[in-house]
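Q: have a look; sequence and predicted model below, questions after that.
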Amino acid sequence: MATDYDAPRKTDEDVEQDSIQELQARRSDKSSGVVDEDETEAAEGFELPGADLSGEELAVRVLPRQADEFTCTSCFLVHHRSQLAYEKKGQMICTECAA
Ligand SMILES: [Zn+2]
């Protein structure tokens, strides 16, 4: 029993010592600021996708465009088709922007 309990404990200590030595070796290797850059990039990469996703979800919910509605390419507001002043090259301009 005592031997079984001791064996994994020694292994843990060995692994810990190994990883600490590895960390110390990496720190001295990348003491030129590379470690800091990696951390910054990881933080930014983690935040940006989340922000993009929420923005897309919002856009889909905020603009439930109906068949009789259009999005003005000038003011980007959704208007009823009756407020469409003119359409040119796929660009739809509302009466307010055309005025
Ligand atoms: Zn407009």
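A: Perfect, thanks for sending it.

Q: surely Thr95 touches Arg81?
A: No: with contact defined as Cβ atoms under 8 Å, Thr95 does not count as touching Arg81 (11.2 Å). Any C-beta I mention is one placed from the backbone N, CA and C, and that applies to glycine too.

Q: neighbours around the nearest residue to Ala99 once chain neighbours are set aside, how many?
A: Leaving out its chain neighbours, the residue that sits closest to Ala99 by Cβ to Cβ, 6 or more residues apart in numbering is Ala85, at 7.8 Å. Neighbourhood size, Ala85 [other Cβ atoms under 10 Å]: 16.

Q: gap between Cys94 and Ser82?
A: For Cys94, the distance to Ser82 (Cβ to Cβ, to the nearest Å) stands at 10 Å.

Q: check which element follows the helix or strand bottoming out on mean pLDDT in the chain along the chain.
A: The least trusted helix or strand in the chain, going by mean pLDDT, DSSP states H and E, turns out to be helix 34-62, with a mean of 57. Helices and strands here follow DSSP states H and E; after helix 34-62, the next one along the chain is strand 69-71.

Q: what's that following strand in contact with?
A: With Cβ atoms under 8 Å, 6 or more residues apart in numbering as the test, strand 69-71 has contacts from Leu63, Arg65, Leu77, Val78, His79, His80, Arg81, Leu84, Met92, Cys94.

Q: for the fourth one, give the beta-bridge partners.
A: So that's Val78. Note on Val78: beta-bridge partners by DSSP bridges are Thr71.

Q: so how far is Phe70 from it?
A: The gap separating Val78 from Phe70 is 7 Å, by Cβ to Cβ.
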